[in-house]
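A.B. asks: Quick check, what structure comes out for this input:
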Amino acid sequence: MIEGDFVWILAKWKDLDAIDIYSIVKLRVDVFIVEQNCIYSEFDGCDILPDSFHLICKTKSSNAVVAYLRILAPFESGYGIRTRIGRIIVDSSMRGSGLSYKLMQEGISHCKQKFPESSIQISAQAHLIRFYEKCGFHTTGQEYLEDDIPHICMLLDI
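C.D. replies: Predicted coordinates:
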């Protein structure tokens, strides 16, 4: 089901239509704010940056957005140049299907194509460390709280 039933779209915010933007924001709010009971502003200004990209996974049958992540252009971190992947999310109805792993594979592939000289950094929720390790990331540093949820910086060396 993971390979054939989905359409993958990589786009800048300005190139998304209103329905896609609504679907992305709704999924992010439903999970990051409602499901995780984490009240904070979902809009951080990074969605509209000129070098940020949005990877959207839609079902072919219903055109529903079921997975999403955001790619931010490389920055100088003091530890080298790093591209950031964030807002990694899969609709609750699709969890356990392998779609999360496919989302990360797609996101990593796009990062390598767009920014081949850059390592990839994520701010992972601590309970997902093993999952991200299976995607090739390793932890860097100590756990910290982000919006009252334990996180840890993880890196994929390119």
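A.B. asks: how close does Cys111 get to Gly141?
C.D. replies: Distance, Cys111 to Gly141, using CB to CB, to the nearest Å: 21 Å. Using the backbone N, CA and C atoms, a C-beta is placed for each residue, glycine as well.
A.B. asks: Between the two, which is the more surrounded one?
C.D. replies: Set Cys111 next to Gly141 and count neighbours by other CB atoms under 10 Å: Cys111 wins out with 23 against 9.
A.B. asks: Was I right to think the more buried one contacts Gln121?
C.D. replies: No - between Cys111 and Gln121 there is no contact under CB atoms under 8 Å: 10.1 Å.
A.B. asks: Overlap in contacts, the two.
C.D. replies: Thr83, Ile85 (CB atoms under 8 Å, 6 or more residues apart in numbering).
A.B. asks: Which residues does the biggest helix by length in the chain contact?
C.D. replies: Across the chain, the longest stretch assigned as helix under DSSP state H is helix 99-114. By CB under 8 Å, 6+ apart, the list of residues contacting helix 99-114 from outside reads 2, 6, 8, 10, 53, 55, 57, 66-69, 71, 83, 85, 88, 90, 118, 120, 131-132, 134-136, 156, 158.
A.B. asks: Rounded mean pLDDT for stretch 116-130, please.
C.D. replies: Across stretch 116-130, pLDDT averages out at 95.
A.B. asks: Show me what counts as buried in that stretch.
C.D. replies: Ser118, Ser119, Ile120, Gln121, Ile122, Ala124, Gln125, Leu128, Ile129 (16 or more other CB atoms under 10 Å).
A.B. asks: The fifth one pairs with what?
C.D. replies: Same thing as Ile122. Ile122 forms beta bridges with Met154, as assigned by DSSP bridges.
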